[in-house]
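**Q** A predicted structure for the sequence below; I have some questions about it.
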Amino acid sequence: MNIGEHARRAGSAIAAMGLGIGSLSQAAFAQAAEKATEAAATATAAAGAYVPMKPVPGIGQPVDGGIGFQQQFSPNGHYALWMHDALLMPVITVISLFVLGLLMWVAYRYRQGKNPVASRTSHNTVIEVVWTLVPVLILVGIAIPSISLLAKQYKPAPENALTVKATGNQWYWTYSYPDNGGLEVISNMLPDDEAVKRGEPAKLAVDNRLVLPVGEPIRLQTVGADVIHAFAVPSLWFKLDAVPGRINEKVLVIEKAGVYYGQCSELCGARHGYMPIAIEALPRDKFNAWVLSQGGTIDNQPKPAAAAAPAAAAPAAVVPAAAEAAATESAAPAA
């Protein structure tokens, strides 16, 4: 009886010690892994600490006396600006001058002083064929690059593209980063004096910018929280409506680091003109540093999976030693 009782107690002690040691090992390993992750994040942030970028006058913002489009910093922007400058403007100019010249010639040639008896010609087959075919050919020539530009603007984003959601509110923007741990930024317009103090344009500067990486496709989604808004940045050739209950999506690629300003471009209420957009485009390492400084996580990075295996293996290695010690203690009284 005495030996059996001691054996049962030894078994219970072994089980309890195994569970306790296993739990302690798992907790210790998890704590060590957490500290290592925090240390790595701190080192990454220190290596490329985020510093808000200063805007460059005339880049990504309106200029005094400007009558054309802003300088473009996206592939679609370059294509659209080329289409406007090299195709549309020449066609518009030639047609306008032709029509003006034709009107002046007709007014002079067929004035009453030279033609007291007006012509009664009602049909001219050659002229009718020409003024039908020429406009058709002009429109076809314009349609080809136009359709190409539309296709480029609505080309789907790559599967691994960074996703950012812009939510329009009355009257401010909320930016969410679902790929960076659900990070969220609320952006409001700065007072004019504060904007000028920071060296930024009044009515366009904000307290928190939309920070994005340079040189990679970004899946930019828009939605409205209350009424219809529109997310528009002229220097990036980007405009997308933000409609309540519906997510719209386009790809944005920014070619150069810098600060780019825009505004809500859909009448959305009394303070429609006071919800600007400020995008700060950073190199990828600085963008990652900014994400970490905001408490987010780096997107498209492998999760640390090595922690689970050693944590599970540690109790198995400790239990035999604990069992041997418990058995020795229980056998001593029996003798």
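**A** Good, I have the coordinates. Just so we're clear, the structure is a prediction, and the values are computed from it rather than from any experiment. Residues are numbered from 1 along each chain as shown.
**Q** all contacts plus neighbour counts: C-alpha atoms, from now on.
**A** Noted.
**Q** strand partners of the host helix or strand of residue 240, parallel vs antiparallel please.
**A** Residue 240 belongs to strand 238-242 when assigned by DSSP states H and E. Take DSSP bridges as the rule and strand 238-242 pairs in its sheet with strand 229-233 (antiparallel).
**Q** what residues does the partner strand touch?
**A** With contacts defined as CA atoms under 8 Å, 6 or more residues apart in numbering, strand 229-233 is touched by 166, 168-169, 222, 238-243, 260-268, 277.
**Q** 10 Å instead, please
**A** Residues outside strand 229-233 that contact it (CA atoms under 10 Å, 6 or more residues apart in numbering): 60-61, 70, 166-171, 173, 221-224, 238-244, 260-269, 272, 275-279.
**Q** same thing with stretch 188-196?
**A** By CA under 10 Å, 6+ apart, stretch 188-196 touches 171-174, 197-209, 274-278.
**Q** ok, now stretch 64-84?
**A** Residues contacting stretch 64-84 (CA under 10 Å, 6+ apart): 58-63, 85-91, 142, 145-146, 148-150, 152-153, 215, 233-238, 251-258, 260.
**Q** looking at these, which are in helices?
**A** Taking DSSP state H, the ones among these that sit in helices are 89-91, 142, 145-146, 148-150, 152-153.
**Q** can you add pLDDT, distance to residue 293 and neighbour count and give these back as a markdown table?
**A** Below are the ones in helices among the contacts of stretch 64-84 laid out as a markdown table (pLDDT from 0 to 100; distance: CA to CA, whole Å; neighbours: other CA atoms under 10 Å):
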| residue | pLDDT | distance to residue 293 | neighbour count |
| --- | --- | --- | --- |
| 89 | 96 | 47 | 12 |
| 90 | 96 | 50 | 12 |
| 91 | 96 | 51 | 14 |
| 142 | 95 | 48 | 15 |
| 145 | 94 | 43 | 15 |
| 146 | 95 | 42 | 14 |
| 148 | 95 | 40 | 12 |
| 149 | 94 | 38 | 16 |
| 150 | 93 | 37 | 12 |
| 152 | 93 | 34 | 15 |
| 153 | 91 | 32 | 17 |
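**Q** just the buried ones from the contacts of stretch 64-84?
**A** Neighbour counting by 16 or more other CA atoms under 10 Å classes 59-62, 149, 153, 215, 233-238, 251-255, 257-258, 260 among those as buried.
**Q** narrow these to those in strands?
**A** Using DSSP state E, the subset of the buried ones among the contacts of stretch 64-84 located in strands is 233, 238, 251-252, 258, 260.
**Q** widest-spaced pair of those residues?
**A** The widest separation within these, taken as CA to CA, falls between 251 and 258 and amounts to 18.4 Å.
**Q** from residue 156, how far off is residue 53?
**A** Going from residue 53 to residue 156 by CA to CA, to the nearest Å gives 30 Å.
**Q** so where do the strands sit in this structure?
**A** 162-169, 172-177, 183-187, 210-213, 218-224, 229-233, 238-242, 248-252, 258-264, 276-282.
**Q** average pLDDT for the last one, rounded please.
**A** So the one you mean is strand 276-282. Here strand 276-282 scores 97 as its mean pLDDT.
**Q** what of the first one?
**A** In this model, strand 162-169 has an average pLDDT of 97.
**Q** from the contact counts, what lies against that strand?
**A** strand 172-177, strand 183-187, strand 210-213, strand 218-224, strand 229-233, strand 238-242, strand 248-252 (3 or more CA pairs under 10 Å, 6 or more residues apart in numbering; DSSP states H and E).
**Q** now swap in the second one and tell me
**A** The elements that strand 172-177 packs onto, with contact taken as 3+ CA pairs under 10 Å, 6+ apart, are strand 162-169, strand 183-187, strand 210-213, strand 218-224, strand 276-282.
**Q** closest one to residue 111 among those strands?
**A** Using CA to CA, the nearest of the helices and strands packed on strand 172-177 to residue 111 is strand 276-282, at 55.4 Å.
**Q** any idea how far apart the tips of stretch 259-279 sit?
**A** Its first and final residues considered, stretch 259-279 spans 6 Å by CA to CA.
**Q** and stretch 280-298, by the same measure?
**A** The first residue of stretch 280-298 is 18 Å away from its last residue (CA to CA).
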